[in-house]
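Participant: Okay, sequence plus prediction incoming.
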Amino acid sequence: MRIAIGGFQHETNTFAPIPTALESFHEAFYAPPGQHPADPTLCTAPLWVARRRSRAEGWTLIEGSCSWAETAGLVSRGAFETLRDEVLGQLQAAMPVDGVLLGLHGAMVADGYDDCEGDLIQRVRAMVGPTVPIGVELDPHCHMTEKRVKNATLIICFKEFPHTDFVARGEEVVELTLRAARGEITPVMSLCDCRMIGSFPTNLQPMRAFVDKMSALEGSNGVLSVSAAHCFPYADVPEMGARILVVTDNQRAAGDRLARELADEFFAMRGKTMPPYHTPDAVIDLALQHSGRLNHLHVVGGHSELVFGEQVGAVVQVLRVAHEGNGHHAAVDAHQHAVFDVVAAAVLVDQIVHLLQLAVALQVGIQRQRHHRQVDG
Ligand SMILES: [Zn+2]
């Protein structure tokens, strides 16, 4: 048995102003064959699981490249095509294979590609033919497009948000792909569009109970896996939105029915799944209330964490309110807070390095001029 694996990950905010280049992947996480870390990461859990199982069970794993970049704007066409073609080239060299595993995020959008993962999966399918199983792990903040469902054999999303279960779901992707490769199961996927946008943390009700129900449905009546794709709302792509995906052992009609039932239940929870979010004014009030006598560190985040990556400008807005002062907000000292934004920080460092290089070049130029003057004089 020969199984190949690879992947790339990006959560692309198509509204964000800073594009994502190939360097962003190389700086954040880039693991070519032979350089994969010993511990699993969000994008390499299936690889970590498959590596362990291949050693224990005596089959061959062909490890391909995996990469991810911090969330930011549109991925450049060159970056996506380079990463995609690297994985495809490795697969071509590994052929023939009995199965393919892909560790992807599911919300990568590149210049000219609304559905990067769908494009990769379609090309993998074209390479391996119609019968070789392709098992995919995705983040639930993905665009669960029909192209992916049509071309993959099985797709499983993390169930938990925060994502605490990426290894457990990786175990399932590997197990089901191996069973499909051995001909023990015939995975069939049923997709239902909830036509809904939202945020669905799973440590709160009613999502907690919904995730437990999805898990309980698995393993009986031919149901192999149930996933809720939460959606990634910061992307202007046609298939953005929440969807339910059911994988059955060749039970199309029953899978379609279950996907429809769960999609209706998911849709009925719209508007009831979010924790309370605060305005910039209110969040500073809260931080000050909890300050007390101790010198607490308060972490204030936008709904989606990054200034340039996701909720554009949220942290800047909080800082503006803090600086301008509004009653006791004036007590917030500009020197007592720090802003963490990896993409913004990277841009700043780039600019500083650029300025330093300019300054050095200028200094060298001045010294040369002086030297020439002295020689000429
Ligand atoms: Zn996510």
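Facilitator: That came through, no problem.
Participant: make it CA atoms for all contacts and neighbour counts henceforth
Facilitator: Noted.
Participant: What are the boundaries of the strands in this protein?
Facilitator: Along the chain, counting by DSSP state E, strands occupy 2-9, 29-31, 60-68, 99-103, 134-138, 154-157, 187-193, 223-229, 243-249.
Participant: Next, format the ones you listed as TSV and append mean neighbour count.
Facilitator: Formatted as TSV, those follow (neighbours: other CA atoms under 10 Å):
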stretch	mean neighbour count
strand 2-9	26
strand 29-31	19
strand 60-68	23
strand 99-103	28
strand 134-138	29
strand 154-157	27
strand 187-193	23
strand 223-229	26
strand 243-249	26
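Participant: Of all those, which one is nearest Leu91?
Facilitator: strand 2-9 (6.6 Å; CA to CA).
Participant: Work out the gap between the closest one and the centre of the chain.
Facilitator: Centroid displacement of strand 2-9 relative to its chain, using CA atoms, centre = their mean, to the nearest Å, is 16 Å.
Participant: What strands line up against that strand, and which way round?
Facilitator: strand 60-68 (parallel), strand 99-103 (parallel) (DSSP bridges).
Participant: In JSON lines, list the ones you listed along with distance to Gly198 and mean pLDDT.
Facilitator: Listed next are the strands paired with strand 2-9 as JSON lines, based on distance: least, CA to CA, whole Å; pLDDT from 0 to 100:
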{"stretch": "strand 60-68", "distance to Gly198": "24", "mean pLDDT": "97"}
{"stretch": "strand 99-103", "distance to Gly198": "24", "mean pLDDT": "98"}
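Participant: Not counting stretch 212-230 itself, show me its contacts.
Facilitator: For stretch 212-230, the surrounding residues in contact (CA atoms under 8 Å, 6 or more residues apart in numbering) are 139-144, 156-159, 187, 197-200, 241-251, 255.
Participant: What is the distance between it and the centre of its chain?
Facilitator: The chain centre lies 22 Å from the centre of stretch 212-230; the measure is CA atoms, centre = their mean.
Participant: To Tyr234, which of the strands paired with strand 2-9 lies closest?
Facilitator: Comparing those by CA to CA, strand 60-68 comes nearest, at 18.0 Å.
Participant: pLDDT score for the closest residue to Pro206 other than its chain neighbours?
Facilitator: Spatial nearest neighbour of Pro206, chain neighbours left out: Thr273 (6.4 Å); criterion: CA to CA, 6 or more residues apart in numbering. The model reports Thr273 with a pLDDT of 94.
Participant: What residues does Thr273 make contact with?
Facilitator: Ser199, Phe200, Pro201, Leu204, Gln205, Pro206, Met207.
Participant: how far away is it from Gly255?
Facilitator: Per CA to CA, to the nearest Å, Thr273 is found 25 Å from Gly255.
Participant: Now do stretch 348-368: distance to the chain's middle.
Facilitator: 37 Å.
Participant: Convert it to CSV, retaining C-alpha atoms only.
Facilitator: What follows is stretch 348-368, C-alpha atoms only, in CSV (Å, rounded to 0.1, in the frame of the first residue of the first chain):
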residue,chain,number,x,y,z
LEU,A,348,6.8,47.3,9.7
VAL,A,349,10.0,45.3,9.9
ASP,A,350,10.3,45.1,6.1
GLN,A,351,10.0,48.9,6.0
ILE,A,352,12.5,49.4,8.8
VAL,A,353,15.0,47.1,7.1
HIS,A,354,14.4,48.9,3.8
LEU,A,355,15.1,52.3,5.5
LEU,A,356,18.2,51.0,7.2
GLN,A,357,19.5,49.7,3.9
LEU,A,358,18.8,53.1,2.3
ALA,A,359,20.6,54.8,5.2
VAL,A,360,23.6,52.5,4.9
ALA,A,361,23.7,53.0,1.1
LEU,A,362,23.5,56.8,1.6
GLN,A,363,26.3,56.7,4.2
VAL,A,364,28.6,54.7,1.9
GLY,A,365,27.8,57.1,-0.9
ILE,A,366,28.7,60.1,1.2
GLN,A,367,32.0,58.5,2.4
ARG,A,368,32.9,57.6,-1.2
